[in-house]
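K.L.:
coords below, sequence missing:
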């Protein structure tokens, strides 16, 4: 066995050790979203609503892959959802967006947005790279309910990311942060799709 192959095997073996028997804590990191949210120019202001329990909801799960199966990732998924929803809908609406724990039907909001990450599975895929590197992956579902100013539901949809790949690495002292970054990027994409869909829905209702 030549030296490069032995070195690669040693690096992967060490990275697997790093992914054994640990709990990793992560949090919201705005720098993980490098793309500016789209300014859609929707008239009025939006209200993002997560009830207290949902805002404080914690994600604490092991990956669905064999690699890293003995580890646990803990992160404040409610807070991350809140911050990304505010980022997306503040840009989407001409007058920005506010946040509350309860729907406010007296504030003159054009739209009330209730987002929730309803599914989040992640993986450390080593087989994808023939065992010589690891690719973080995830599958996410984002459920979004949109209410009109009177509290009636005008739009409701669940967005599925499919299998998303993060940055492949040979070795990492912080593999959970690579997953956390991928969570931010994927959630931002799904939330942006929801904003675009609601723009079309509001335009349809206005012209009806």
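P.N.:
Cool, the structure landed. Since the structure is predicted, the reported quantities are computational estimates derived from the model, not experimental observations. Numbers count the residues shown, from 1 in each chain.
K.L.:
ranges for the helices of the chain?
P.N.:
Assigned by DSSP state H, the helices in the chain fall at 3-18, 52-55, 77-92, 175-207.
K.L.:
what's the angle from the third one to helix 175-207?
P.N.:
Note on geometry: by axes from the mean of the first three to the mean of the last three C-alpha atoms, to 10 degrees, helix 77-92 and helix 175-207 are set 40 degrees apart in direction.
K.L.:
just name whatever secondary elements helix 77-92 is in contact with.
P.N.:
strand 46-49, helix 52-55, strand 97-100, strand 111-125, helix 175-207 (3 or more C-beta pairs under 8 Å, 6 or more residues apart in numbering; DSSP states H and E). (Each C-beta comes from the backbone N, C-alpha and C, glycine too.)
K.L.:
chain center to stretch 113-132, what's the gap?
P.N.:
Mean-position distance between stretch 113-132 and its chain equals 11 Å (C-alpha atoms, centre = their mean, to the nearest Å).
K.L.:
now residue 155: how far from residue 170?
P.N.:
44 Å (C-beta to C-beta, to the nearest Å).
K.L.:
again with residue 156
P.N.:
For residue 156 relative to residue 170 (C-beta to C-beta), the value is 43 Å.
K.L.:
comparing these two, which shows the higher neighbour count?
P.N.:
residue 170 (14 against 11; other C-beta atoms under 10 Å).
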